[in-house]
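> Build me a model from this:
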Amino acid sequence: QFGGNEMPEAIPGQIKVVSYNLQNFLKINTSTTKYVTDFENETNIKKFLAEQEADIICLQEMLHDRDNKHQFANDLARELNCPNYHHVNYYKKNTKILDAIATFTRYPMINKGDLEYEGKSIGIFTDLVISSDTVRLYNLHLASIHFKQEDYEFWSEMTNTQEQEKFASGTGKSLSKMQS
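I've put the predicted structure just below:
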């Protein structure tokens, strides 16, 4: 259900996961905060995420290009009460700023990596130890895959009565883009 301000209550034994595209923490679409003076939106988003009390938080478009960029993820992990984190810049050669996809969690991480598409990191994975199990979590930035109109048409035209052949064929094309 969408809308409203009521939050579902936590159920013991369940894992709460939040995925959020930060859009660089800004109210405007920009690739730098060099000329930005209002960071109220960043503060509000951090507060919102902390209030979720999630066990796992997947973030996309996490931009920090000001002072202490190396400390930013540590500070955010503390604010979110998720001490374990993994982040990868979309373009690995760009080390001057933090422009990343990130996962923060309360669970121990035992392995991590990233998924590349056309020279850009489009997602990351982390292997988490939850109870006595190991769970692989994927955090994807789907906009980075650059689906074409035919991909969107395929997904929007799906119905319950669609033939399996067409589904397998269309799914295969979409998946091959993600696996490239």
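> nearest spatial neighbour of residue 139, skipping sequence neighbours?
Spatial nearest neighbour of residue 139, chain neighbours left out: residue 58 (4.0 Å); criterion: C-beta to C-beta, 6 or more residues apart in numbering. (Glycine included, C-beta is placed from N, CA and C.)
> could you say which helix or strand contains that neighbour?
strand 56-64 (DSSP states H and E).
> Just want the angle from the next helix-or-strand element following that strand to strand 56-64.
Using DSSP H and E, the next helix or strand after strand 56-64 towards the C-terminus is helix 69-80. Angle between the axes of helix 69-80 and strand 56-64 is 150 degrees (criterion: axes from the mean of the first three to the mean of the last three C-alpha atoms, to 10 degrees).
> Show me what helix 69-80 is in contact with.
Contacts to helix 69-80, defined as C-beta atoms under 8 Å, 6 or more residues apart in numbering, come from residues 46, 49-50, 54, 57, 64, 68, 83-85, 87, 97-98, 102, 104.
> Give the next helix or strand downstream of it.
Scanning forward in sequence from helix 69-80 by DSSP H and E, the next helix or strand is strand 84-89.
> heading toward the C-terminus, what's the first helix or strand past that next one?
Strand 84-89 is succeeded, C-terminally, by strand 98-105 (DSSP H and E).
> Identify the neighbouring strands of that next one in the sheet and state each direction.
Strand pairing for strand 98-105, determined by DSSP bridges: strand 56-64 (antiparallel), strand 84-89 (antiparallel).
> Can I get the shortest one in PDB? Just the C-alpha atoms.
What follows is strand 84-89, C-alpha atoms only, in PDB (Å, rounded to 0.1, in the frame of the first residue of the first chain):
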ATOM      1  CA  ASN A  84      29.100  -3.000   8.200                       C
ATOM      2  CA  TYR A  85      29.100  -1.500   4.700                       C
ATOM      3  CA  HIS A  86      30.400  -1.900   1.200                       C
ATOM      4  CA  HIS A  87      30.400   0.700  -1.500                       C
ATOM      5  CA  VAL A  88      31.900   1.000  -5.000                       C
ATOM      6  CA  ASN A  89      32.100   4.100  -7.200                       C
END
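> Quick one: mean pLDDT over that strand.
For strand 84-89, mean pLDDT rounds to 91.
> Out of the strands paired with strand 98-105, which is the most enclosed?
Counting by mean count of other C-beta atoms under 10 Å, strand 56-64 has the highest mean neighbour count of the strands paired with strand 98-105, with a mean of 22.
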